[in-house]
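Participant: How does the following fold in three dimensions:
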Amino acid sequence: MAMSRVHAAHMLEALCRLMIGPGYLDEVTNEVERSGLARALAEGDADLIYDHLMLSLSMQGISDDIAVRYIAHHGNATRSEIRAALARSRCACPKLAGFEAYSGCRYRKSAMSCARPQHLRLCPVRKPPLRKGLLNIQAHSLHFFLRDVCHDDVAGFIDQLIDGAVTGAGTGAARHCSGAEGTDAGVLLPDAVLAARDALLGEFTRVSGVSAKLANMVLADILLGGRPDDLRWRSIGAAMCTVDVLVHKFLDRTGILHEFALEHAYGPRCYRADGCDGVIAELARAVPVQEIHADYPAYFPRLVELAIWRFCAETEHGMCRARVVGKGRLCEQRHSCPVAQYCARGGARKRRRRKT
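Facilitator: Purely as a prediction, here's the structure:
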């Protein structure tokens, strides 16, 4: 198994260099700019932000390729359509009053049922032709969240949460000029970063159907690429950590979870301090990412997690997957794996005997 936590840190540093390298911040910034999300955040265009988030959230529970093909054929929910449908609806369901009231809708597309079935015939929630009922619920919950909680100012809402978290964490921010004209972004100390991250995740996971995994994923892109010169946003985005089944199984397969005495099944525990999130958080402090690129935040769990995912995902490097490494004690890829020397299944390297 991973012989020590030092070896685990070496393994993840190697993967960060091999799978990502120095260009990740430029990569995510360019992607957010191309999507129009950066402009929407700057201009307060909540409708475009909604449409972007619905596209990301629609990828849950299925491969991205299948989800994209379904949306291309059937379309996706848009903010303008949801708002117009609610405005002209004659449905008297009290759950449509706003975000707090909407909790517990329980609409099921296959069974055509919900928490208030007497209103279902006129209910606008069932109208969008989405892939499953949960997405219909999510589409309306997200609309109410942006309207009632964020007041259609997503960037301002994020700033407000960060300010509150920094205040709660005490002296959590050192002031530092970012270099952008008219911008004075705060460099957050570790306690403030974690407090702000938890505050943001706590709010965005209130949207129906948005798990910790989804919230980490969408917030990482928004914070890392949405306002590149704001060091507060960037440091909090770097602390986001999306643990999917590939990342969990890698930590288990390589012996890292065993080394930390935190072996567990994939599920909600992955996002706790005594699960995958806590393991990655501790190792991220030992991985010298600023040696990969000086502009990287010193604490960068997102980079570590993404490097693992790219190493495992079939659409990326695809080397460390269950059907590739085999089921035996030793990995079938150990002779070509770049980090086999640190891995539980890499096996000891045999020393050649010198002939005398």
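Participant: distance of residue 209 from residue 106?
Facilitator: Distance, residue 209 to residue 106, by Cβ to Cβ, to the nearest Å: 12 Å. Heads up, the C-betas are built off the backbone N, CA and C, glycines and all.
Participant: just residue 151 next, same as before
Facilitator: The value you get for residue 151 to residue 106, if Cβ to Cβ is used, is 27 Å.
Participant: Please enumerate the strands of this protein.
Facilitator: 173-175, 186-188 (DSSP state E).
Participant: give me the number of residues near the residue nearest to residue 50 when sequence neighbours are not counted?
Facilitator: Excluding the flanking residues, the one nearest residue 50 by Cβ to Cβ, 6 or more residues apart in numbering is residue 79, at 3.9 Å. Neighbour count of residue 79, defined by other Cβ atoms under 10 Å: 22.
Participant: quick one, what contacts residue 79?
Facilitator: 46, 47, 50, 51, 143, 146 (Cβ atoms under 8 Å, 6 or more residues apart in numbering).
Participant: Okay, now the unreliable bits of the stretch 1-150 of the chain?
Facilitator: 1-3 (pLDDT under 70).
Participant: which residue ranges form the helices in it?
Facilitator: 5-19, 24-35, 37-43, 46-57, 64-74, 79-88, 133-144 (DSSP state H, counting those that start in this stretch).
Participant: So which of those is the most surrounded?
Facilitator: helix 133-144 (a mean of 23; mean count of other Cβ atoms under 10 Å).
Participant: Who are the packing partners of that one?
Facilitator: helix 46-57, helix 79-88 (3 or more Cβ pairs under 8 Å, 6 or more residues apart in numbering; DSSP states H and E).
Participant: which residues touch the longest one?
Facilitator: Pointing back at helix 46-57 there. 35-37, 39-41, 71, 76-80, 135, 138-139, 142-143, 146-147, 150, 152-154, 209-210, 214, 217-218, 221.
Participant: so residue 226 makes contact with residue 159?
Facilitator: No - Residue 226 is not in contact with residue 159 according to Cβ atoms under 8 Å; the separation is 11.5 Å.
Participant: Check the gap between the spatially most central residue of the chain and residue 274 for me.
Facilitator: The residue lying closest to the centre of the chain (Cα atoms, centre = their mean) is residue 217, at 1.8 Å. To residue 274, residue 217 is 22 Å away according to Cβ to Cβ.
Participant: Just the residues contacting stretch 139-147, thanks.
Facilitator: 46, 49-50, 53-54, 57, 77, 79, 82-83, 86, 96, 98-99, 102, 105, 124-125, 128, 130, 152, 154, 206-210.
Participant: Just the buried positions in stretch 107-117, please.
Facilitator: 107, 109, 114, 116 (16 or more other Cβ atoms under 10 Å).
Participant: what's the farthest-apart pair in these?
Facilitator: Distance extremes for those: the farthest pair is 109 and 116 at 15.8 Å, using Cβ to Cβ.
Participant: returning to what we had before: residue 226 and residue 159: which is more packed in?
Facilitator: residue 226 (26 against 15).
Participant: Give the closest residue to that one in space, chain neighbours not counted.
Facilitator: In space, residue 226 is closest to residue 41, 4.7 Å off (Cβ to Cβ, 6+ apart).
Participant: and the one you found, how far is that from residue 192?
Facilitator: On the measure of Cβ to Cβ, residue 41 and residue 192 end up 21 Å apart.
Participant: what do you get for residue 344?
Facilitator: From residue 344 to residue 192 the distance is 36 Å (Cβ to Cβ).
Participant: Of the two, which one has the most company?
Facilitator: residue 192 (25 against 19).
Participant: wait, isn't the more buried one in contact with residue 167?
Facilitator: No - judged on Cβ under 8 Å, residue 192 makes no contact with residue 167 at a distance of 9.1 Å.
Participant: mean confidence for stretch 323-330?
Facilitator: Average pLDDT, stretch 323-330: 86.
Participant: Contacts for that stretch, please.
Facilitator: 253, 318, 331, 332, 333, 345, 346, 347.
Participant: Please repeat the previous calculation with a cut-off of 7 Å.
Facilitator: 253, 318, 331, 332, 333, 345, 347 (Cβ atoms under 7 Å, 6 or more residues apart in numbering).
Participant: Buried residues, that stretch. List them.
Facilitator: 325, 330.
Participant: mind checking the end-to-end distance for it?
Facilitator: 13 Å (Cα to Cα, to the nearest Å).
Participant: Kindly provide the distance from the residue nearest to the centre of the chain to residue 61.
Facilitator: 13 Å.
Participant: go on, residue 232?
Facilitator: Residue 232 is 33 Å from residue 61, by Cβ to Cβ.
Participant: cool, residue 194 as well?
Facilitator: Distance from residue 194 to residue 61, by Cβ to Cβ: 29 Å.
Participant: of the two, who's got more company?
Facilitator: Taking other Cβ under 10 Å, residue 194 and residue 61 do not tie; residue 194 has more neighbours (18 against 11).
Participant: picking up where we left off before, turn the buried residues of stretch 107-117 into a markdown table, including distance to residue 65.
Facilitator: Below are the buried residues of stretch 107-117 laid out as a markdown table (distance: Cβ to Cβ, whole Å):
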| residue | distance to residue 65 |
| --- | --- |
| 107 | 26 |
| 109 | 22 |
| 114 | 31 |
| 116 | 36 |
